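>>> this one's sequence-less:
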Ligand SMILES: Nc1ncnc2c1ncn2[C@@H]1O[C@H](COP(=O)(O)OP(=O)(O)OP(=O)(O)O)[C@@H](O)[C@H]1O
């Protein structure tokens, strides 16, 4: 019978310690299973010393309960293992014997396989590598307004040192060169560590991935769960992170592997378009955190290869996308119709840069007594991005694009190469523009739903590395992708939804860096005139007079299809529970805590009307 990696570790551990049985090699063999929490699986001295502020000196047995935010760490000092202590509702292997690090079975083997995830930039061109350590200007986010609502909101922190994330995770934060938490991390991490459900909205590129990964990894390390069942070839992850596209799932997986390096927490990714057998084999080696696209996950659930019964943490990245009309049924199936614990019995975290009110309303079905967090206004773009909009007739778009690229090449950003991401509406349009660019001597590649997964991954690699500095993409690349050197996003075809525009331009101007976004506008985009003008004005951008005229002529929200900011008035973000129209009797506001206090009224009127817009890969 095949068992999961975690189970086999547990078996080996329990046996070695509890029974002392030996095999013919003198190694101890399992006779019964005992769950071993991940923080006990992979103890080993750090490979490099973190700075003093990340080291802890308090006694190892000075742990706080789940949810503790503390000014000193309670995770034990250095490499001293704290085997043998009980607590946190788990069976912990005894202290005796030779300890984990001297065993040759289970985790020892697993640890040997753990590839260092911090060394994957070898494909970068030298120029990009030189730019890597230029430093991140997070002061850019310092005066951002923050709104929180819900009961008893835990206070934010200012430094990672204030949060009890554990030594191993702290070392990885240091390896990632994260010096201080971004605003969304300052608020979201304490909220999540306190065990609260969360709906969080924060601007593109502001560090949401770490905001949901850190509490999950830390929570799993603390082992707040009972022994996992063992069944033939079924694996029981403790956390599930869902994202709408294959590439984003891969990216989250890569990030989560960095954050969980040498913590003993195992992260596996499953997404469509890639061989399922390989993913099954990986799952069988054990999984604590499963990162997945919904289509492939449904497949695994239907094959009875994954059970969601033990899920303690559910995170939906790009949550509004995951719950919009195209994707909602699949998400409901996963979250409500399989064996996942119900809200309250699991912790649920929803993150996005945009959160229309209709979607907030839908999302509330998945949450229990949650906290709403908005860092910056919901759906706003960061003012790190310089936004330009130019009136370009359909027939002139190509030559105009060529002018832009020429100008960019000549001026450069202090002579440095930057990447250009060009968004188009259709897959055919993407192929034909790529072809034309290449014909004209501009190295370009493309990513869209008609390309094979291998082609998509190759395109992304070539682009990221700077070898092919122009990527023509459909909306499949609009969300979440974190490509460090994208200096220019061109909306060759504008989307029909202002939220899609926000995500697209958010591929630049990330992590405190500045970026440029140029949109081509013409008569075909008149329904976007007003939301675009409003968004630009809010982000302190120069709005051309002609766009303002278009905006005043266009019926706001009328016929815009997926334009959710209909309904008049300034759009803005806030917890939909504060709307008069939301009349549940639940006491949601008892402990409302508004840290930034921008009091604007929500402007996403009803209407909705967003279409399916399914451009991403779901299988
Ligand atoms: N505390 C931090 N210090 C320095 N860099 C950070 C920190 N947190 C995150 N980053 C970096 O910021 C970049 C953007 O982070 P991330 O991709 O999580 O943004 P996001 O908010 O999820 O964006 P999007 O809305 O586009 O998905 C990443 O390169 C990440 O490594």
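Now that the structure is in, tell me what you want to look at. These figures come from a predicted structure and were not determined experimentally.
>>> what are the phi and psi angles of the residue of the stretch 51-200 of the chain found nearest the ligand?
Relative to the ligand, the nearest point of the stretch 51-200 of the chain is residue 178 (3.6 Å; Cβ to the nearest ligand atom). To be clear about C-beta, it is placed using only N, CA and C from the backbone, and glycine gets the same treatment. Main-chain torsions, residue 178, degrees, to the nearest 10: phi -80, psi 110.
>>> count of neighbours near it?
Counted with other Cβ atoms under 10 Å, the neighbours of residue 178 add up to 19.
>>> show me what contacts residue 235?
4, 283-284, 286-287, 305-307 (Cβ atoms under 8 Å, 6 or more residues apart in numbering).
>>> Of these, which belong to strands?
Of the contacts of residue 235, none are assigned to strands by DSSP state E.
>>> got the residues of this structure near the ligand?
136, 178, 181-182, 185, 202, 204-210, 353, 480, 482, 506, 510-511 (Cβ under 6 Å from any ligand atom).
>>> quick one: contacts for the residue of the stretch 51-200 of the chain closest to the ligand?
Residue 178 neighbours (Cβ under 8 Å, 6+ apart): 160, 210.
>>> try it again with 10 Å
136, 138, 160, 172, 185, 207, 210, 214, 259, 511 (Cβ atoms under 10 Å, 6 or more residues apart in numbering).
>>> My guess is the last one contacts residue 182. True?
Yes. Counting by Cβ atoms under 10 Å, residue 511 sits close enough to residue 182 to count as a contact (8.1 Å).
>>> between the contacts of residue 235, which is nearest the ligand?
For these, the nearest to the ligand is residue 287 (21.9 Å; Cβ to the nearest ligand atom).
>>> Tell me who's in contact with that closest one.
4-6, 235-240, 265-270, 306.
>>> The closest residue to residue 436 other than its chain neighbours: which element?
Here the nearest residue to residue 436 in space, its sequence neighbours aside, is residue 398; by Cβ to Cβ, 6 or more residues apart in numbering that works out to 6.2 Å. Applying DSSP states H and E as the criterion places residue 398 in helix 397-411.
>>> Run through who's touching that helix.
Residues contacting helix 397-411 (Cβ under 10 Å, 6+ apart): 388, 390-393, 396, 417-418, 420, 422, 424, 432-433, 436-437, 440-442, 444, 469-470, 472, 487-488, 490, 492-493, 516, 518, 520, 522.
>>> Tell me which entries of those lie within helices.
Judged by DSSP state H, the contacts of helix 397-411 include 432-433, 436-437 as members of helices.
>>> out of these, who's nearest the ligand?
residue 433 (23.4 Å).
>>> Spatially nearest residue to the closest one, not counting backbone neighbours?
Residue 433 sits nearest to residue 472 (Cβ to Cβ, 6+ apart), 5.0 Å away.
>>> got the contact list for that neighbour?
Counting by Cβ under 10 Å, 6+ apart, residue 472 has contacts 401, 420-424, 429-437, 444-448, 459, 463, 490, 492.
>>> One more pass at 8 Å, please.
Contacts of residue 472 by Cβ under 8 Å, 6+ apart are 422, 424, 430, 433-434, 437, 444-447, 492.
>>> Just name the closest of those residues to residue 538, please.
For the contacts of residue 472, the minimum distance to residue 538 (Cβ to Cβ) is 23.9 Å, reached by residue 492.
>>> Which other helices and strands does whichever helix or strand residue 335 is part of contact?
Assigned by DSSP H and E, residue 335 belongs to helix 328-336. Secondary-structure packing of helix 328-336 (3 or more Cβ pairs under 8 Å, 6 or more residues apart in numbering; DSSP states H and E): helix 294-302.
>>> tell me the mean pLDDT for the helix it packs on?
Regarding helix 294-302, the rounded mean pLDDT is 96.
>>> what sits up against that helix?
By Cβ under 8 Å, 6+ apart, helix 294-302 touches 240, 242, 244, 270-272, 276, 279-280, 283, 290, 292, 306-308, 322, 327, 330-331, 333-334, 338, 617-619.
>>> Of those residues, just the buried ones, ChimeraX syntax please.
Burial among the contacts of helix 294-302 is assessed by 16 or more other Cβ atoms under 10 Å; the matching ChimeraX selection reads:
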select :240,242,244,270,271,272,276,279,280,283,290,292,306,307,308,322,327,330,331,334,338,617,618
